[in-house]
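1. I'd like to go over a predicted model; first the sequence, then the structure.
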Amino acid sequence: MSQEEKTLVIGVGRFQSVETVAWGDILDTNIVDFDNIIVDLTMCDFAPLLAQDEAAFAKLQTSFARFISSGGELTVIGTDSDRTYGTADGSIYDDWSWCPCDVRTVAESGTTVRRLTGEFEQYLSHLTTWAFHFKVGDGAKSPLAKAYGRTKEFISTSVVPYAENRYGGLLACQIEFSVFVNIGQDFANLAGRIILLPTLPGLDSESAVSLALEGVTGNSQEKISVEVSLPAWIAAVHMPVIDPIDTRVALLRSEILACEAEIEQKLSEKSAYERYKGLLYLNSFGLEDLVAECLTRLSGVIKPAKYSQEEFVLEHKNGVFLAECKGVSKSISMGHLRQLVDYVLKYEEEEGCAGKGILFGNAWRDLPLDERGTGDRPIFPQNVQVRARTLGIALVSTVDLFDAFCAFLSGRVTGDAVLEWMTNAVGVADVSALQLSAD
């Protein structure tokens, strides 16, 4: 097994360099994310799992089918248990119902063990007596066939014995899968395999799993033992050699706290600045509020709407500018421009003087920036630009506003210059006029 492979042990112990999960949590575990899985059926009790979810066996069978078909290796320490589990709908299950292929055990005992391969050598060296042997049916259950993208009639199993009893009963084996290419003639091997191992007499489950892990990973395994609790008084026993260590640790902890506080402050500053990226994707009230906030930081004066239904009013150098903000998944349209024109006319009607409209447009807001403003995705189409110039309205892309605002935040341009750029524009406000320079 390569160092990158991930191994999961289900139901027992904690071991080095592998992950473990209890049976009660298995339905919430994405077992397909592992390369190797070891299951010890001697330690399982499916009753609580069925009480939690009556469809548990079906879900497990589907998950293990996906795991095997993805090239996973499933190692099962078997049991000859005759336990059955019933559900409210009358279904009856046993300890093998979760398995995506047909495996059964025959309850017979003996002492003859014939080793046929060197696989799982350490594990099988402890097999001196046995209380059952395996029987493997041909083919795959429907979930495994489906995971392979086939019907179960076209899936075949082949068994490689690791150890047998005197009359050929399987004590340990490997199950592989193949698919009919030409019925009755050719087969093609499929990914994934199942390894069946016997219960080892005289060994507890954790020791047996440790040996199985050695066979899977190639590395000797040790169970991670639980640390013994220390008596309360032991901490008060003084060791002079530890004093300088404690002093250094205290200093380092103080420095860490200071660094963590500074990191928290900097992350808060970063988050506050990154809010302005909303100019590139927001719409509706979110875009309106953010544009107004940017204009305020640029030294503009923002007043709430009062002349009609404009988003807000910008006051700058004795000028009054009626703002409309649009965030859309396409180009800014004549309809958007017409809406702003109505606001400007209403202002002139009530105030007796001319106002100026500014249309802030976040067009194609769902697309990356380099896919906007192209020939087939204009921010402001030509008809909108021509009409805006005729009416003396400024068209400001929020992408350009974002670039100008970033330049302002980094001190490359003044807030007044940015406001002058947009309020003096007739038609599209050309951001190149600000002569922004990169840091």
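-> Nice, thanks for sending it over. Numbering: from 1, shown residues only.

2. next, Asp246: phi, psi?
-> Note on Asp246: backbone dihedrals following degrees, to the nearest 10 are phi -60, psi -40.

3. quick check: it vs Ala232, distance?
-> Asp246 is 19 Å from Ala232, where distance means Cβ to Cβ, to the nearest Å. No exception for glycine: its C-beta is placed from N, CA and C like everyone else's.

4. ditto for Lys270
-> The value you get for Lys270 to Ala232, if Cβ to Cβ is used, is 45 Å.

5. ok, Leu124 next?
-> Relative to Ala232, and taking Cβ to Cβ, Leu124 is found at 47 Å.

6. compare Lys270 and Ala232 (neighbour count), which wins?
-> Lys270 (10 against 7; other Cβ atoms under 10 Å).

7. in a helix, the more buried one, correct?
-> Yes: under DSSP: H, G, I helix; E, B strand; the rest coil, Lys270 falls within a helix.

8. i'd like the first residue to be 41 from this point on
-> Noted, 41 is the first residue going forward, which turns the last one into Lys310.

9. got a pLDDT number for it?
-> On pLDDT, Lys310 comes in at 95.

10. also Thr145?
-> 92.

11. remind me which helix or strand it belongs to.
-> Here Thr145, judged by DSSP states H and E, is contained in strand 143-146.

12. OK, contacts around Arg405?
-> By Cβ atoms under 8 Å, 6 or more residues apart in numbering, the contact set of Arg405 is Leu320, Tyr321, Leu322, Asn323, Gly367, Val368, Ser369.

13. Leu237 contacts Gly118, doesn't it?
-> Yes: at 6.7 Å, Leu237 counts as touching Gly118 under the criterion of Cβ atoms under 8 Å.

14. between the two, which has more neighbouring residues?
-> Leu237 (27 against 24).

15. hmm, back to that, so which of the contacts of Arg405 is the closest to Arg154?
-> Nearest to Arg154 among the contacts of Arg405: Tyr321, at 68.5 Å, using Cβ to Cβ.

16. number of residues surrounding the nearest residue to Thr191 once chain neighbours are set aside?
-> In space, and not counting its chain neighbours, Thr191 is closest to Ala185: 5.7 Å by Cβ to Cβ, 6 or more residues apart in numbering. Neighbour count of Ala185, defined by other Cβ under 10 Å: 22.

17. please apply the same query to Lys396.
-> 20.

18. again with Gly130
-> Neighbours of Gly130 (other Cβ under 10 Å): 6.

19. next, it: phi, psi?
-> phi 90, psi 0.

20. the one 4 residues further on now?
-> Recorded main-chain torsions at Asp134 are phi -130, psi -170, according to degrees, to the nearest 10.

21. thought Tyr163 was touching Pro238?
-> No: here Tyr163 does not reach Pro238: they are 9.0 Å apart, not a contact under Cβ under 8 Å.

22. what's the spacing between Phe442 and Arg315?
-> 12 Å.

23. again, but for Ala276
-> Taking Cβ to Cβ, one finds Ala276 at 52 Å from Arg315.

24. Thr115 now?
-> Following Cβ to Cβ, the distance that separates Thr115 from Arg315 is 51 Å.
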